[in-house]
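Enquirer: Coordinates only, no sequence provided:
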């Protein structure tokens with residue numbers, strides 16, 4: 001009985017340590033940081049582009065998703081250099097998780113200049129990052145519409161979401177209408193990001 005106890009103790013310690021830790025890519029890009037009610041407001045306002053994952057630390061699917069997102073962000077650090085990766089653990093900060101609008105299970109949000117968008121696509125790292133890239137790479141003048149100039153850009157956009165809305169225009173009215181909407185007397189244009197998975 002004593003030998004069995006001595007054998008189970010190290011195994012349980014290793015198991016608990018692996019549940020608490022998230023194996024993320026090392027280095028500058030692609031590291032997940034924990035978001036709490038103490039640092040929520042400052043982090044949201046500090047980072048223009050933030051990917052937020054709400055989950056529990058013992059969920060293998062979310063740990064795998066976090067690892068894969070970290071790896072892809074680190075591999076494509078030039079494209080995702082402004083993207084901040086944050087996580088809220090439901091078991092530690094349930095009130096904050098509820099306040100951002102998370103549901104049970106894994107919930108993914110994208111914050112663009114403090115505005116929250118709930119991701120509703122497939123929980124695959126590549127799909128999530130492909131749906132973010134058009135927003136991260138767009139300049140403020142291109143929001144809410146971005147002109148696609150090549151077949152490759154169209155392909156990337158279509159692969160980034162399950163549903164897509166494409167405005168094809170041949171008469172030259174889109175730039176004039178967009179300029180009129182952006183200068184509507186209030187100083188604010190349409191709400192950003194009217195298309196995409198978010």
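Expert: Perfect, thanks for sending it. Note that this is a predicted model, so its numbers are computed, not measured.

Enquirer: Contact partners for the nearest residue to residue 101 once chain neighbours are set aside?
Expert: In space, residue 101 comes closest to residue 118 once its chain neighbours are excluded; the distance is 6.5 Å by C-beta to C-beta, 6 or more residues apart in numbering. Any C-beta I mention is one placed from the backbone N, CA and C, and that applies to glycine too. Contact analysis of residue 118 by C-beta atoms under 8 Å, 6 or more residues apart in numbering lists 101, 107-109, 198.

Enquirer: what are the ranges of the helices in the protein?
Expert: For the chain, the helices defined by DSSP state H cover 2-20, 40-46, 60-75, 94-100, 125-137, 151-159, 173-182.

Enquirer: So what's the predicted local confidence for residue 108?
Expert: Per-residue confidence at residue 108 stands at 93 (pLDDT).

Enquirer: I meant to write residue 172 there.
Expert: 67.

Enquirer: Same check on residue 89?
Expert: For residue 89, pLDDT reads 92.

Enquirer: Hmm, it is touching residue 56, no?
Expert: Yes - between residue 89 and residue 56 there is a contact under C-beta atoms under 8 Å: 6.2 Å.

Enquirer: the more surrounded of those two?
Expert: Neighbours were counted for residue 89 and for residue 56 using other C-beta atoms under 10 Å; residue 89 has more, 22 against 16.

Enquirer: Name the residues of stretch 120-139 that come out as buried.
Expert: By neighbour count on 16 or more other C-beta atoms under 10 Å, the buried set for stretch 120-139 is 121, 123, 125, 127-136, 138.

Enquirer: Quick one: these as CSV, columns for pLDDT and distance to residue 97 too.
Expert: Below are the buried residues of stretch 120-139 laid out as CSV (pLDDT from 0 to 100; distance: C-beta to C-beta, whole Å):
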residue, pLDDT, distance to residue 97
121, 87, 20
123, 91, 17
125, 92, 21
127, 91, 22
128, 92, 18
129, 91, 22
130, 89, 25
131, 87, 22
132, 86, 21
133, 84, 26
134, 79, 27
135, 80, 23
136, 82, 24
138, 72, 29
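
Enquirer: distance of residue 129 from residue 119?
Expert: According to C-beta to C-beta, to the nearest Å, residue 129 and residue 119 sit 11 Å apart.

Enquirer: Please read the previous query as pertaining to residue 82.
Expert: Residue 82 is 18 Å from residue 119, by C-beta to C-beta.

Enquirer: same check, this time on residue 65
Expert: 11 Å.

Enquirer: Repeat that for residue 102.
Expert: 11 Å.

Enquirer: any shared contact partners between those two?
Expert: Contacts common to residue 102 and residue 119, judged by C-beta under 8 Å, 6+ apart, are residue 109.

Enquirer: which one of the contacts of residue 118 is nearest residue 35?
Expert: residue 109 (10.3 Å; C-beta to C-beta).

Enquirer: Chain neighbours aside, what residue packs nearest to that closest one?
Expert: residue 52 (4.3 Å).

Enquirer: now do residue 107
Expert: Using C-beta to C-beta, 6+ apart, the closest residue to residue 107 is residue 54 (4.3 Å).
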